[in-house]
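*Asks:* structure for the following, please:
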Amino acid sequence: MADYIVRATAADSQIRAFAATTREMVEYARAVHNTSPVASAALGRLLTAGAMMGAMMKGDQDILTLQIKAGGPLRGITVTADSKGNVKGFVGNPEVILPPNARGKLDVSGAVGVGILNVIKDMGLKEPYVGQVALQTGEIADDLTYYFATSEQVPSSVGLGVLMNRDNTVKQAGGFIIQLMPFTDEKVIQALEEKLSKVTSVTSMLDAGMTPEDILMELLGEFGLEIAEKTDTRFACNCSRERVSKALISIGEKEIKEMIDEGKPIEMNCHFCNTSYTFQMEELKQLLAVAKKR
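*Replies:* Take a look at the predicted model:
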């Protein structure tokens, strides 16, 4: 099944919801970054959240960045997404290995550690919107639930999951975000809270063959679920040789000249997709000439 996000409403638009299946995206990220199982799970959860939160944005040029800065061995996670389903991300230490947690699951919380979550929305205004909260558990879904409640004042329930195969490839990945509008009736809130308290894990629902539509029907069917739209989502990086060249020019004449003086080609690596770009001596001299004209 190709990755996609569904957007829906329920209870006469008192509830809005998103659900996604992201196995291909998370498996692609695992392959390009060669992440360990726990790093794959952590990155996969944030990529899935980024895809759904990106879909919440309206403008074609809007960019969302989710950044976890924490003291755990994972050394942080960065994910960026746009409103068209394009998502990319990386972890600080893709090779981290930890024993399972007390429940026998991948210890994402232990890998992430104590720190902060930054949510940055660049919507073409003078300054981007920046929301910051302390990590509550490091499980990512809990931290995003807390972020929505405190920074955006939107009561939300976030579920995220990544299930790994024995060969460390990704078996299932996906999630949901359910949000209450300010005018939601108290009876609806109570009924929804009761329903969500009985929910099994996202991965168990996906592994049982449930689609994003099925997951939302399971959670919100009794509230009059209405599926609004379906959007494809994917891991996509917009790096290019031209962009990397511009970045090199921007560091200035002095630094480029030092690279040339070393007499060896230089290799630049994209954090997001791990693509390498090699610049030979002649290319560096051309970039130096451009930098001198600035």
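*Asks:* hey, where'd the strands end up in the stretch 1-150 of the chain?
*Replies:* Listed in chain order, the strands of the stretch 1-150 of the chain (DSSP state E, counting those that start in this stretch) span 4-10, 15-21, 63-70, 77-82, 86-91, 115-122, 129-134.
*Asks:* burial measure for residue 170, as a count.
*Replies:* 24 (other C-beta atoms under 10 Å). Bear in mind the C-beta positions are built from the backbone N, C-alpha and C, glycine included.
*Asks:* ok, the one 3 residues further on next?
*Replies:* One way to gauge burial is a neighbour count; for residue 173, by other C-beta under 10 Å, it gives 30.
*Asks:* quick one, what contacts it?
*Replies:* 21-23, 25-27, 44, 48, 161-163, 203, 206 (C-beta atoms under 8 Å, 6 or more residues apart in numbering).
*Asks:* I'd like the residues you listed laid out as JSON lines, including pLDDT, distance to residue 65 and neighbour count.
*Replies:* Below are the contacts of residue 173 laid out as JSON lines (pLDDT from 0 to 100; distance: C-beta to C-beta, whole Å; neighbours: other C-beta atoms under 10 Å):
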{"residue": "21", "pLDDT": "98", "distance to residue 65": "23", "neighbour count": "26"}
{"residue": "22", "pLDDT": "98", "distance to residue 65": "18", "neighbour count": "34"}
{"residue": "23", "pLDDT": "98", "distance to residue 65": "23", "neighbour count": "21"}
{"residue": "25", "pLDDT": "98", "distance to residue 65": "17", "neighbour count": "28"}
{"residue": "26", "pLDDT": "98", "distance to residue 65": "18", "neighbour count": "30"}
{"residue": "27", "pLDDT": "98", "distance to residue 65": "23", "neighbour count": "21"}
{"residue": "44", "pLDDT": "98", "distance to residue 65": "17", "neighbour count": "31"}
{"residue": "48", "pLDDT": "98", "distance to residue 65": "15", "neighbour count": "35"}
{"residue": "161", "pLDDT": "96", "distance to residue 65": "22", "neighbour count": "22"}
{"residue": "162", "pLDDT": "97", "distance to residue 65": "20", "neighbour count": "30"}
{"residue": "163", "pLDDT": "97", "distance to residue 65": "26", "neighbour count": "20"}
{"residue": "203", "pLDDT": "94", "distance to residue 65": "26", "neighbour count": "21"}
{"residue": "206", "pLDDT": "95", "distance to residue 65": "26", "neighbour count": "25"}
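*Asks:* among those residues, which lie within helices?
*Replies:* 23, 25, 26, 27, 44, 48, 203, 206 (DSSP state H).
*Asks:* where along the stretch 51-200 of the chain do the helices fall?
*Replies:* In the stretch 51-200 of the chain, the helices defined using DSSP state H, counting those that start in this stretch lie at 108-112, 141-151, 186-197.
*Asks:* how close does the closest residue to residue 93 other than its chain neighbours get to residue 115?
*Replies:* In space, and not counting its chain neighbours, residue 93 is closest to residue 75: 4.4 Å by C-beta to C-beta, 6 or more residues apart in numbering. Distance, residue 75 to residue 115, by C-beta to C-beta, to the nearest Å: 10 Å.
*Asks:* what's the answer for residue 251, then?
*Replies:* Taking C-beta to C-beta, one finds residue 251 at 29 Å from residue 115.
*Asks:* between these two, who's got more neighbours?
*Replies:* Using other C-beta under 10 Å as the criterion, residue 251 and residue 115 rank with residue 115 on top: 18 against 12.
*Asks:* how about the more buried one, what does it touch?
*Replies:* Counting by C-beta under 8 Å, 6+ apart, residue 115 has contacts 68, 69, 70, 71, 72, 76, 134, 135.
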